[in-house]
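Chemist: Below: sequence and its predicted model.
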Amino acid sequence: MSISPDDPEPMYRIGTVSRLTGIATVTLRMWERRYNVVDPGRSSGRNRLYSRDDIARLALIKRLVDAGHSISTVAGLTLVQLHERLEVQEKPRQLAALPVRVLTPVRVAVLGDALPARIARAGSELAGLAIVASQRERARFLADAPAQEPQVLVIEVPALGPETAAGVEELRQACGARHVVIVYGFGRRATVAKLDTAYSTPLRAPVGMAELRIACRAGLGVAALPLPERQPVDLTPSPDGIPQRRYDTDTLERIAASTPTLACECPHHLVDLVAGLSAFEDYSAQCENRSPEDAALHHWLRATTAQARALMEEALTRVAEAEGLLR
């Protein structure tokens with residue numbers, strides 16, 4: 001059916017937008033709050049209402065984020081700029097041509113002020129990486145690192161400038177590394193975008209060790225190390241019969257906002273499931289106290305929902321660990 005120019009533009013609720021774009025509802029809210037990616041309208045009930053342009057913009061942003069762009073570098077672009085970025089984005093990572101070696105540690109050389117000490121304390125958080133050189137001074141780094149044949153360089157800089165890209169490439173060539181991870185404190189969006197290439201990955205400080213591990217291995221197209229066997233999730237209830245919660249709202253938002261390396265949206269969907277079950281758990285607790293006649297039924301509903309929530313938290317934990325999203 002055609003729509004005349006006088007007909008109001010159809011608007012879409014957040015659940016529909018999530019299904020259309022593949023972006024978790026938690027991520028949509030976080031992107032709106034932190035990065036102002038879109039400015040949806042509101043219904044009389046204060047529910048978000050998105051336009052077709054909003055959906056088109058979000059879909060483009062998701063494609064760029066999935067391609068490896070930081071949300072902070074694309075959030076402020078117009079629709080035209082987003083299309084241009086997709087057309088001229090950096091050369092795709094040549095992952096298919098690189099061998100996937102699951103159990104072979106990636107050889108990493110580190111140059112920076114504070115990062116070498118943090119890496120030295122990281123322990124198992126950097127499983128899958130072999131730190132073959134770690135220096136605070138550039139001259140000593142160049143004297144030591146090339147002989148260790150690093151595959152990846154991790155370079156810490158306080159700020160990105162016009163000369164950063166050339167300096168990074170010079171170090172990469174001198175060491176014979178395939179990829180560089182640049183941990184930076186401050187930098188212009190345009191500069192960050194130029195450093196996000198097939199040969200380098202910019203990470204805004206502070207950076208967690210799990211995030212650094214994923215960046216180093218993903219830069220070579222190397223799979224994450226397999227997780228150790230887990231014990232079955234402990235569903236032993238607390239004194240009130242309710243399993244304790246593992247995740248608060250901020251942690252769920254952080255996981256949902258992360259870009260997974262797997263070709264799926266499992267982390268995002270699991271966050272939505274955990275958040276939904278937690279909300280119904282709270283709702284059941286409130287219902288428990290409204291009517292003495294229904295107290296037993298609603299306590300059972302709350303306890304049953306909590307059991308389901310605990311199981312989904314375990315599923316989320318396994319997926320998040322596999323993706324390196326927990327730190």
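Modeler: Looks like it came in fine.
Chemist: which regions of this protein lie under the pLDDT threshold?
Modeler: 1-9, 87-103, 219-241, 250, 253-254, 256-265, 287-294, 322-327 (pLDDT under 70).
Chemist: can you give me the helices for it?
Modeler: 14-21, 25-35, 52-66, 71-74, 79-88, 115-122, 138-144, 164-175, 189-195, 209-218, 249-257, 266-288, 295-323 (DSSP state H).
Chemist: could you measure the spatially closest residue to residue 266 that is not a sequence neighbour against residue 307, distance?
Modeler: Of all residues not flanking residue 266 in the chain, residue 319 sits nearest, at 5.2 Å (CB to CB, 6 or more residues apart in numbering). Where C-beta positions appear, they are placed from N, C-alpha and C, glycine not excepted. The spacing between residue 319 and residue 307, counted by CB to CB, to the nearest Å, is 19 Å.
Chemist: Same question for residue 70.
Modeler: Going from residue 70 to residue 307 by CB to CB gives 38 Å.
Chemist: One more: residue 80?
Modeler: If you go by CB to CB, the gap between residue 80 and residue 307 works out to 50 Å.
Chemist: between the two, who's got more neighbours?
Modeler: Using other CB atoms under 10 Å, the more surrounded residue of residue 80 and residue 307 is residue 307, with 18 against 8.
Chemist: I figured that one was touching residue 243, is that so?
Modeler: Yes. Under the criterion of CB atoms under 8 Å, residue 307 makes contact with residue 243 at 6.6 Å.
Chemist: What about residue 17, how many residues nearby?
Modeler: When neighbours are defined as other CB under 10 Å, residue 17 has 23 of them.
Chemist: With adjacent residues omitted, what lies nearest to it?
Modeler: residue 50 (4.8 Å).
Chemist: OK, contacts around that neighbour?
Modeler: Applying CB atoms under 8 Å, 6 or more residues apart in numbering, we find residue 50 in contact with 11, 12, 13, 14, 17, 38, 40, 41, 58.
Chemist: so who does the second one touch?
Modeler: This points to residue 12. 20, 49, 50, 51, 55.
Chemist: For beta bridges, what are the partners of it?
Modeler: residue 50 (DSSP bridges).
Chemist: Look up how far residue 111 lies from it.
Modeler: Remark: distance between residue 12 and residue 111 (CB to CB) = 48 Å.
Chemist: same deal with the fourth one?
Modeler: Taking CB to CB as the criterion, residue 14 is separated from residue 111 by 44 Å.
Chemist: Looking at these two, which is more packed in?
Modeler: Neighbours were tallied for residue 14 and for residue 111 using other CB under 10 Å; the higher tally belongs to residue 111 (25 against 17).
Chemist: what's the nearest residue to that one if we skip its chain neighbours?
Modeler: residue 141 (4.5 Å).
Chemist: Likewise for residue 272?
Modeler: residue 24 (5.6 Å).
Chemist: likewise residue 142?
Modeler: Excluding its sequence neighbours, the residue lying closest to residue 142 (CB to CB, 6+ apart) is residue 174, at 6.0 Å.
Chemist: I'd assumed residue 144 was in contact with that neighbour.
Modeler: No. Residue 174 is beyond contact range of residue 144, at 11.5 Å (criterion: CB under 8 Å).
Chemist: phi, psi of the residue nearest to residue 272?
Modeler: phi -60, psi 150 (degrees, to the nearest 10).
Chemist: burial of it, as a residue count?
Modeler: 23.
Chemist: from memory it sits against residue 273, does it?
Modeler: No. Using CB under 8 Å, residue 24 is not in contact with residue 273, being 10.3 Å away.
Chemist: gap between residue 83 and residue 77?
Modeler: 9 Å.
Chemist: Can you pick out the residue with more neighbours from those two?
Modeler: Between residue 83 and residue 77, counted using other CB under 10 Å, the more crowded position is residue 77 (20 against 13).
Chemist: re earlier: compare the contacts of residue 12 and tell me which has the most neighbours.
Modeler: Compared across the contacts of residue 12, residue 50 has the highest neighbour count, 23 neighbours, by other CB under 10 Å.
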